[in-house]
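Engineer: Just a sequence and a predicted model for now, questions to come.
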Amino acid sequence: MTLEFTEAEIRAILPSAILFLTGLVQLLTDACLGARDPEGDRGQKSHLVLTGAAGSVLAFIALGALTDPSAPLFSGALTGDLLGRFAAGIIIVTTLLTGLGAGGYLGAIGRNRGEFHALLSFGAGAMVLLAQSANLVAMFVAVETLSLALYVLAGYVRDWRESSEGAFKYFVMGAFSSGFLLLGMAFLYGGSGGGIDLAALGGHGDEPLIAVGAVLVLIGLGFKVGAVPFHSWVPDVYQGTPMLAAGWMAVAVKVCCFVALIRIILATGVNTVVASLVEALAVVTILLGNLAALNQTNLKRMLAYSGIAHTGYLMVPLVLVLASHGDGAALSGSLFYLATYLVTTLAAFTALSTLQQGDRDCDTIDSIRGLGRKHPVVALVITLSMVSLAGIPLTAGFMGKFTIFSDAVAGGKWHLALIGVIGSMISVYYYLRPIVAMYFHEALEETEKAEAAWGLHLAMLLLSVGILYLGLFPESIVSLSRGAVPLLAGH
Amino acid sequence: MAASGPDLAALAVYTVVALAVGVVLLVASELIGPRRRDPEKATTYECGVPLFDTAREPFTIKFYLVAILFILFDIETVFLIPYAVIFKELGLIGLIEMGAFLLVLAGGLVYCWRRGALEWD
């Protein structure tokens, strides 16, 4: 027996390998040198931030060096296709910006330990791997690896009561959902006569085991992306997670798990049961996410429910693809939406991360009252991200929603577009509440701003530029997302 | 898949007899078996040695850390010994793969050591 790796295989594994290695370096650097840092957990630890940033940039460059998108790599475990590369690009950019802010944010809440930076890198490595997975085993291993990083990040601040509670809930629900995912994969394996590769799952007609497997996988990954009715953990977990990590979670996890969901559902072929189930989930998720967000007074919980609603919008293109018997073109709407979701949501979490009350996150609407006068720049960025989340023109959020809804109308699913528009109209109410509190109310509570956190400010600036850029000049990313899709339809 | 008649009949007889034997033995033992209760019988079985005290004592969490570290390096052995057997067959790629595995493990060891996980106090 001989083992050999082709050059294409090494190129394909390189982005996640770089991220894992970065995490290891960060972990060891802090363990060996951390004790010498005079500022301890209150310092910025810029060396860890810069290591992480360098790792992310290198991984992004390595992504561009992927070759031969169609050939199976590692006996079919990974693929170098453009869908995976697009998703991996979003994940790496999210990690880069989160990592940039992490030093300043953690220093401000007095909990800057190397583990946080390392877990970001480890998690990102696993997410990139998930985005590139082309067989069931690789997918499951990647899902579990990224979940491990997330559980620890959710419980990162051990002495916040919500943090321990959230981490425990996340762990129990995560293990539960992994059970569904694994059972679904087992049914797919059995139904296809022993197929592990996604390519082997199609062409089995109306084999009931395949449909059962697809539904179970839909449930398992539905938990991870936070689709209703599998969403109950999302608000509790976000509330307990440190603000900056919650933003990373909201974006990166959604991207990679959604891509895995797309891959499995489309690989199993178009099944009417699965198609109508996805459609029902999309409708319920949009409506319930937006309605539940209405009376939240905690900003993290509000953003969690808004994230649930956005999952619903993301599922609309998948419904269109299933309705048009596997024509993948509509999926470019989802991919572009993920890019707009990245800049918008991460901007909100990053801007909120610059504010603290003592050693705690500033996460209630009351706590940001009067911010427009005290910290005008932060207030402006929060306003921009809220406006973009609501989908008001000239912002990224508008372009994302516009693409999805117009695709839905063109695909004959006008009722989905209608529900999406109704959801967006509901959402304007709760997205405007923080804005009103910041500009039209007197300050109630004392909040400080992490003035020294250069990385947070840089990330905030880049994300604001991103929101406006995607809102005004979306063509480049739209054409990238279009290019990522046709190869998928060939699966 | 259709089984012939006699086979199924034999299976049915077997099932009935097996069930009957179990039920009859349990019921008979319950009805006519002698009962002598004493406190010795109610204690935990410790191979005939008298009990010191209850096993439900809190003990220090440091044991868990040691146990987890032990499992990690136990797994290392589990992978290394089979690797030694096929060392030549796997060649350079195998060496690189095991090197990556050992690098990660060694990284973990250095991390535990620097964070003080190897010190008891």
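Structural biologist: Cool, the structure landed.
Engineer: If we look just around chain A, which residues of chain B are in range?
Structural biologist: Contact residues (C-beta under 8 Å from any C-beta of the partner chain) of chain B with chain A: B:86, B:89-91, B:93-94, B:97, B:103-104, B:107, B:110-111, B:114-115. (C-beta placed from N, C-alpha, C; glycine too.)
Engineer: would you list every one of the strands in chain A?
Structural biologist: For chain A, the strands defined by DSSP state E cover A:355-357, A:360-361, A:448-449.
Engineer: Show me what the second one pairs with in its sheet, parallel or antiparallel.
Structural biologist: Here strand A:360-361 has these sheet partners by DSSP bridges: strand A:355-357 (antiparallel).
Engineer: what's the offset of the partner strand from the middle of its chain?
Structural biologist: 24 Å (C-alpha atoms, centre = their mean, to the nearest Å).
Engineer: for the chain, what helix or strand is lowest in average pLDDT?
Structural biologist: Unless you meant another one, I'm taking chain A. Scoring the helices and strands of chain A by mean pLDDT, DSSP states H and E places helix A:486-489 at the bottom, with a mean of 52.
Engineer: ah, no, chain B please
Structural biologist: Per mean pLDDT, DSSP H and E, helix B:39-42 ranks last in chain B, at a mean of 78.
Engineer: CA atoms only for that one, dumped as PDB, please.
Structural biologist: Presented in PDB, the C-alpha positions along helix B:39-42 are these (Å, rounded to 0.1, in the frame of the first residue of the first chain):
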ATOM      1  CA  PRO B  39     -28.600  -6.200  57.000                       C
ATOM      2  CA  GLU B  40     -25.500  -7.800  55.600                       C
ATOM      3  CA  LYS B  41     -27.400  -8.800  52.500                       C
ATOM      4  CA  ALA B  42     -28.500  -5.200  51.900                       C
END
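Engineer: Show me what the next helix or strand after it is packed against.
Structural biologist: Downstream of helix B:39-42, the first helix or strand assigned by DSSP states H and E is helix B:62-85. When contacts are defined as 3 or more C-beta pairs under 8 Å, 6 or more residues apart in numbering or on different chains; DSSP states H and E, helix B:62-85 sits against helix B:87-114.
Engineer: Which residue does chain B have closest to chain A?
Structural biologist: residue B:114 (3.8 Å; C-beta to the nearest C-beta).
Engineer: ok, the closest residue to residue A:106 other than its chain neighbours - contacts?
Structural biologist: For residue A:106, ignoring the flanking residues on the chain, the nearest one in space by C-beta to C-beta, 6 or more residues apart in numbering or on different chains is residue A:112 at 3.8 Å. The contact partners of residue A:112, by C-beta atoms under 8 Å, 6 or more residues apart in numbering or on different chains, come to A:40, A:41, A:42, A:43, A:44, A:45, A:103, A:106.
Engineer: I'd like the distance between the third one and chain B.
Structural biologist: Going back to what we said before, that points to residue A:42. Here residue A:42 is placed at a distance of 19 Å from chain B (C-beta to the nearest C-beta, to the nearest Å).
Engineer: Next: the second one.
Structural biologist: From residue A:41 over to chain B the distance is 14 Å, taken as C-beta to the nearest C-beta.
Engineer: before we move on, what about the last one?
Structural biologist: Separation of residue A:106 from chain B (C-beta to the nearest C-beta): 17 Å.
Engineer: Switch the residues of chain B next to chain A over to TSV; also include neighbour count and pLDDT.
Structural biologist: Supplementary listing: those in TSV, determined by neighbours: other C-beta atoms under 10 Å in any protein chain shown; pLDDT from 0 to 100:
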residue	neighbour count	pLDDT
B:86	11	89
B:89	10	87
B:90	16	85
B:91	14	84
B:93	12	85
B:94	17	87
B:97	14	87
B:103	12	91
B:104	13	90
B:107	17	90
B:110	15	91
B:111	19	91
B:114	17	89
B:115	17	87
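Engineer: was I right about residue A:446 contacting residue A:357?
Structural biologist: Yes: the pair residue A:446 and residue A:357 qualifies as a contact (C-beta atoms under 8 Å) at a distance of 6.8 Å.
Engineer: more neighbours, these two?
Structural biologist: Per other C-beta atoms under 10 Å in any protein chain shown, whichever of residue A:446 and residue A:357 has more neighbours is residue A:357, with 15 against 9.
Engineer: Identify the residue of chain A closest to chain B, quick one.
Structural biologist: residue A:31 (3.8 Å).
Engineer: ok, that residue - contacts?
Structural biologist: Each residue near residue A:31 by C-beta under 8 Å, 6+ apart is listed here: A:114, B:110, B:111, B:114, B:115.
Engineer: Of the residues you listed, which is the nearest to residue A:305?
Structural biologist: Nearest to residue A:305, judged by C-beta to C-beta, of the contacts of residue A:31 is residue A:114 at 32.8 Å.
Engineer: What pLDDT is listed against the residue of chain A closest to chain B?
Structural biologist: In this prediction, residue A:31 carries a pLDDT score of 88.
Engineer: Nearest residue to it in space, ignoring adjacent ones along the chain?
Structural biologist: The shortest distance from residue A:31 to any non-neighbouring residue, by C-beta to C-beta, 6+ apart, is to residue B:114 (3.8 Å).
Engineer: so what are the domain limits for chain B?
Structural biologist: B:5-42, B:62-114 (automatic domain parsing).
Engineer: Centre of the chain to the first one, how far?
Structural biologist: Going back to what we said before, that points to domain B:5-42. With C-alpha atoms, centre = their mean, you get 30 Å for domain B:5-42.
Engineer: swap in the longest one?
Structural biologist: Going by C-alpha atoms, centre = their mean, the spacing between the C-alpha centre of domain B:62-114 and its chain's C-alpha centre is 22 Å.
Engineer: How about stretch B:53-66?
Structural biologist: 19 Å.
Engineer: what's it in contact with?
Structural biologist: B:44, B:117, B:120.
Engineer: switch to 10 Å and redo it
Structural biologist: B:44, B:46, B:112, B:117, B:118, B:119, B:120, B:121 (C-beta atoms under 10 Å, 6 or more residues apart in numbering or on different chains).
Engineer: low pLDDT regions in the chain?
Structural biologist: Answering for chain A, as no chain was given. Scanning chain A for pLDDT under 70 picks out A:1-3, A:67-70, A:205, A:326, A:486-491.
Engineer: other chain: chain B
Structural biologist: In chain B (pLDDT under 70), the answer is B:1-7.
Engineer: Might you report the residue contacts of residue A:315?
Structural biologist: A:222, A:225, A:227, A:258, A:261-262, A:278-279, A:281-283, A:285-286, A:334, A:404, A:416.
Engineer: ok now do the residue nearest to residue A:397 when sequence neighbours are not counted, which residues does it touch?
Structural biologist: Using C-beta to C-beta, 6+ apart and skipping residues adjacent in sequence, the residue nearest residue A:397 is residue A:388, 3.7 Å away. Counting by C-beta under 10 Å, 6+ apart, residue A:388 touches A:340-341, A:343-345, A:347-348, A:394-401, A:431, A:463-464, A:466-468, A:470-471.
Engineer: How about the residues of chain A by chain B?
Structural biologist: Chain A comes close to chain B at residues A:1-5, A:17, A:20-21, A:23-25, A:27-28, A:30-35, A:113-115, A:118, as judged by C-beta under 10 Å from any C-beta of the partner chain.
Engineer: Burial check on residue A:289, number of neighbours?
Structural biologist: Residue A:289: 27 surrounding residues under other C-beta under 10 Å.
Engineer: What is the neighbour count of the nearest residue to it once chain neighbours are set aside?
Structural biologist: Spatial nearest neighbour of residue A:289, chain neighbours left out: residue A:309 (3.1 Å); criterion: C-beta to C-beta, 6+ apart. Counted with other C-beta under 10 Å, residues neighbouring residue A:309 total 27.
Engineer: quick one: residue A:309 and residue A:389, what's the gap?
Structural biologist: Separation of residue A:309 from residue A:389 (C-beta to C-beta, to the nearest Å) stands at 9 Å.
Engineer: who touches both of the two?
Structural biologist: A:424, A:427.
Engineer: where do the helices sit along the stretch 151-300 of chain A?
Structural biologist: Using DSSP state H, counting those that start in this stretch, the helices found in the stretch 151-300 of chain A span residues A:161-191, A:208-225, A:233-240, A:243-248, A:254-267, A:272-293, A:299-323.
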